[in-house]
Each structure stands twice: as C-alpha cells, then as structure tokens.
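*Asks:* Let me see the structure of the following:
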Amino acid sequence: MTVRHRRKAWAALLLAPGALVAASRAHAPASAAPAELAWSVPDPTSLPDGEARRQILRGEELVRHTAALIGPQASDPARRYAGNNLDCQSCHIDGGTRKFGLPLVGAYAAYPVYRARSGKIDTIVERINDCLMRSLNGSPLPAGSADLDAIVAYLQFLSSGRPHGSRTEGQGAGHIAELPRAADPSRGKAVFAAQCAACHGRNGAGQRAADRPGYVVPPLWGADSFNDGAGMARLASAANFIHANMPDGTTWERPVLSVEDAWDVAAYVEAHPRPHKAGVEHDFPDRRGKPVDAPYGPYADGFSAHQHKYGPFAPIRAAAQP
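*Replies:* Numbering: from 1, shown residues only. Sure, this is the predicted structure:
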C-alpha cells in the first residue's frame, strides 16, 4: 500500500463512527504482556487536506490552548467546560508529544482498559472527561460534541500504527526510586525557591499569558490549579514529573534535580491548598487497588492519611502483602 493510499484509508477510518475502537480491538496483540513500541511522534500537518486533517489539528489546538477554547474565559459561554485556566499541555507537555512529559503519544492505544480509580473498564472518552473534571476542575464534554470528537481524533492520530494494548516507549514520567523516609515539604520549600520560583512564582501562581486566556507557566496550587482528585495531586506522580521535566529545559536524560530534591519539592507543592473534588471518597471502589500515595481516604489499611500523602510508602506496601 502506498503512502497516499494509507492516508486515504486513515481518513476513511477516522470518519466512520465506531470504526476506531473496533479497529484497535481487532489488532490486539496475542501476547498477554503488552509490547513496547519505539518512540515516534506522527506529524498531523503531513496528512492530506480534508475533514480528517482539520479535525485532528483542531484537537491538537484544544490540547495546547484549552483555556482559551473551552475554559472559563472562552468566548462562547456554552463551551466553558474547563473550570480553571490550565491547558491540557500544562501537564501533557508540548501538546502531549514530549517523551516522559506525560505524553499522549500511544495513549489512545491503551483504551478501553480497566482503571482501578473508576473500578470498571473506561473508554478514551471517559478518560478525557476524567481529566476535565480533575486536572481542569471542570465538567465533562458532551458525548458527540465537536470538541470531544476532535480531541479523540488527535489522540488516535498520536497512536497511529499502535495496536490496542501496546505500550509506547517514553510514556508516563519515568520512575524514580522512592525515599526510605517521608518526603519533607520544609526541605522542599528551599528547593522550590532555588529552582522553581523564578518561573512559577514564590506564591506558586504561575505566569499568565499576555495574549490569550491561560498561562505560559501554570499555577501549582490555589484556586486556578488542578484539584485534589487529579493524578498530579499524588506525590509520586508529581515527583516523577518534576524529576523528568523541571525546571524548564530539563530532559529525562539529564535531570537537574536529584531524586531526593524531586520528592521534597513535590511534597512542598502538594502541601498547599487546591480545589476539592466532590466525591473522591468513591474513587477506587476496591480499596486494595488504591495507590499508596492517594492523598485522600478511605484506605484499606490502618496507616495515616499523612503517611499516604508523604510516605514512606514501603511499610504500607509491606503490610498489604499476604
């Protein structure tokens, strides 16, 4: 099949309702262990002009400039679904295309999948709306809406050639070693002042964009930040992300912060107030599958909320062993 014919086939598949999920299921790997595919980022501008290309580029724009398009200051009041002025790329760096920057590359290929937080098999649509309600502290996009369909199209494009159930090299934010002690917000305060405050501000409020709603540097706590039900509200998520990507200019290959500093500065960030998501007590209906660093109860063990939030986590895991 020529490149031209492959692009035509892609466009036809994209526009066929229900075909995307069906196709991904049909190519599920036979092995129980997911394959890990090499890192590569497809370029949507390489697609031929047409509805599929326009929809994918619209989805990319929504990921990069979420606040301006569907945030609380969006020009169309009917499209104000995000509850804060963050963009999706505030966490999914560079439109979800940076290796170990919580990339969206390959994310579509993981769904549908069982998620412990919901206690059921979630679709990619449910995962997107979960982010809207947690990281963006807002409300879900309606099923079948143009904005939701565009984001799905963009995520699917970023998984081009990746069968359902496969893993992609560079996903997530890496995995640094845990501390044998509790992470220390007081020590993290000094790290923040030295390494983070120049961009995020000493008050963690970030830097607003001058020419549009949103931020050029996102806030880390306060009313316009992610809420306490977001993944980034978990210490391990924040520590790994910080180590691989911060301060600005850091790469996962050449981290600036030590592992210890990353844990402690993450603890300092998590120690600050942020919006509360109603109903988080219903997350993880099977408490045994709840992450050890979930910052809210109820828990399946007798460890304190403070230890679940800051660690050390090894004793919690050890106590859970049969």
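
*Asks:* Let me know the pLDDT of residue 36.
*Replies:* pLDDT recorded at residue 36 is 88.

*Asks:* can you check residue 178 too?
*Replies:* At residue 178, pLDDT is 97.

*Asks:* just checking, it touches residue 315?
*Replies:* No. Residue 178 is not in contact with residue 315 according to C-beta atoms under 8 Å; the separation is 11.3 Å. Placement of C-beta: from N, CA and C, glycine included.

*Asks:* okay, those two: which has more neighbours?
*Replies:* residue 178 (19 against 13; other C-beta atoms under 10 Å).

*Asks:* what residues are up against the more buried one?
*Replies:* Contact analysis of residue 178 by C-beta atoms under 8 Å, 6 or more residues apart in numbering lists 236, 263, 311-314.

*Asks:* Most neighbours of all the residues you listed, which one?
*Replies:* Neighbour max across those (other C-beta under 10 Å) = residue 263, 30 neighbours.

*Asks:* that older thread, save the contacts of residue 178 as CSV, and put in pLDDT and secondary structure too.
*Replies:* Below are these laid out as CSV (pLDDT from 0 to 100; DSSP: H, G, I helix; E, B strand; the rest coil):
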residue, pLDDT, secondary structure
236, 98, helix
263, 98, helix
311, 98, coil
312, 98, coil
313, 98, coil
314, 97, helix
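
*Asks:* which one of these is nearest residue 130?
*Replies:* Ranked by distance to residue 130 (C-beta to C-beta), the contacts of residue 178 are led by residue 236 at 18.3 Å.

*Asks:* The closest one touches residue 295, doesn't it?
*Replies:* No. Counting by C-beta under 8 Å, residue 236 does not reach residue 295; the two are 10.6 Å apart.

*Asks:* Strands along the stretch 101-250 of the chain, start to end?
*Replies:* Using DSSP state E, counting those that start in this stretch, the strands of the stretch 101-250 of the chain run over residues 113-115, 120-122, 167-168, 207-208, 215-217.

*Asks:* winner for burial among those?
*Replies:* strand 167-168 (a mean of 20; mean count of other C-beta atoms under 10 Å).

*Asks:* sorry, back to before: reformat the contacts of residue 178 as CSV; add distance to residue 98.
*Replies:* Converted to CSV, the contacts of residue 178 look like this (distance: C-beta to C-beta, whole Å):
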residue, distance to residue 98
236, 19
263, 22
311, 27
312, 30
313, 27
314, 30
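
*Asks:* Which of the strands of the stretch 101-250 of the chain sits closest to residue 147?
*Replies:* Judging these by C-beta to C-beta, what sits closest to residue 147 is strand 120-122, at 19.2 Å.

*Asks:* Determine the set of other helices and strands touching that closest one.
*Replies:* strand 113-115 (3 or more C-beta pairs under 8 Å, 6 or more residues apart in numbering; DSSP states H and E).

*Asks:* who does the strand it packs on pair up with?
*Replies:* Here strand 113-115 is paired, per DSSP bridges, with strand 120-122 (antiparallel).

*Asks:* What's the mean pLDDT across the strand it pairs with?
*Replies:* So the average pLDDT for strand 120-122 ends up being 98.

*Asks:* ok, and what's touching it?
*Replies:* The contact list for strand 120-122 (C-beta under 8 Å, 6+ apart) reads 111-115, 130.

*Asks:* now do stretch 285-296
*Replies:* 116, 119, 228-229, 233-237, 270, 280-281, 283-284, 298-300, 305, 308-309, 311, 313, 316-317, 320.

*Asks:* So which of those are in helices?
*Replies:* 235-237, 270, 305, 308-309, 316-317, 320 (DSSP state H).

*Asks:* Name the nearest of those relative to residue 126.
*Replies:* For the ones in helices among the contacts of stretch 285-296, the nearest to residue 126 is residue 237 (19.2 Å; C-beta to C-beta).

*Asks:* Nearest residue to the closest one in space, please, no chain neighbours.
*Replies:* residue 231 (5.0 Å; C-beta to C-beta, 6 or more residues apart in numbering).

*Asks:* Surely that neighbour and residue 135 touch.
*Replies:* Yes. Residue 231 is within contact range of residue 135, at 7.2 Å (criterion: C-beta under 8 Å).

*Asks:* These two: who's more crowded?
*Replies:* Remark: of residue 231 and residue 135, residue 135 carries more neighbours, 24 against 18, as counted by other C-beta under 10 Å.

*Asks:* So that one sits against residue 226, correct?
*Replies:* Yes. Using C-beta under 8 Å, residue 135 is in contact with residue 226, at 4.6 Å.
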